[in-house]
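Q: sequence plus the predicted model coming up.
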Amino acid sequence: MAAGGGCGETVEHCRAEVERLTRELAEANREKIRAAECGLVVLEENQTLKQQYSDLEAEQEALRQELEQLQEAGRLHPFQGMRDVSKIRADPPQTRLTHRSWHQSDTTQRV
């Protein structure tokens, strides 16, 4: 009889073990699904960042070309008065008045 009771405990033990393993398997599957979802989010973010990087590279290239064009245009058509303007700005106010007086008297003499 003890043997029969032992067999019953073994069956109950096996059923309990199956239930425990079933719960662990279900939890492992849920974790796997959560990990897969997180992985998808990371992949989407990675794709978005790659696209942003590509867009920024294209914008940088366009700005670089625009800068080169502006620099080239500046070399071809330099602003003639720039040197005179910077020279006047560097002079003290008294010197500027002298420059104006000289320029006005020079203009008056021409007329």
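A: Nice, I can see it. In this text the structure is predicted, and so the values were computed from the model without any measurement.

Q: per-domain residue ranges of the protein.
A: Domains of the chain are assigned by automatic domain parsing as 2-78, 80-111.

Q: and the helices in the chain?
A: Listed in chain order, the helices of the chain (DSSP state H) span 2-76, 82-90, 93-110.

Q: low-confidence ranges in the chain?
A: 1-8, 78-111 (pLDDT under 70).

Q: mind redoing it with 50?
A: Per-residue confidence for the chain (pLDDT under 50) gives these ranges: 1-4, 110-111.

Q: number of residues surrounding Glu12?
A: 10 (other CB atoms under 10 Å). Bear in mind the C-beta positions are built from the backbone N, C-alpha and C, glycine included.

Q: that one and Glu19: what is the separation?
A: The spacing between Glu12 and Glu19, counted by CB to CB, to the nearest Å, is 11 Å.

Q: for Gln71, same thing?
A: In terms of CB to CB, Gln71 sits 77 Å off from Glu19.

Q: how about Glu59?
A: 60 Å.

Q: just Ala58 next, same as before
A: Ala58 sits 59 Å away from Glu19, taking CB to CB as the criterion.

Q: for Leu56, same thing?
A: 55 Å.

Q: repeat for Lys32
A: Distance, Lys32 to Glu19, by CB to CB: 20 Å.

Q: likewise for Glu45?
A: 39 Å.

Q: repeat that for Leu43.
A: Taken as CB to CB, the span from Leu43 to Glu19 is 36 Å.

Q: what of Glu44?
A: On the measure of CB to CB, Glu44 and Glu19 end up 38 Å apart.
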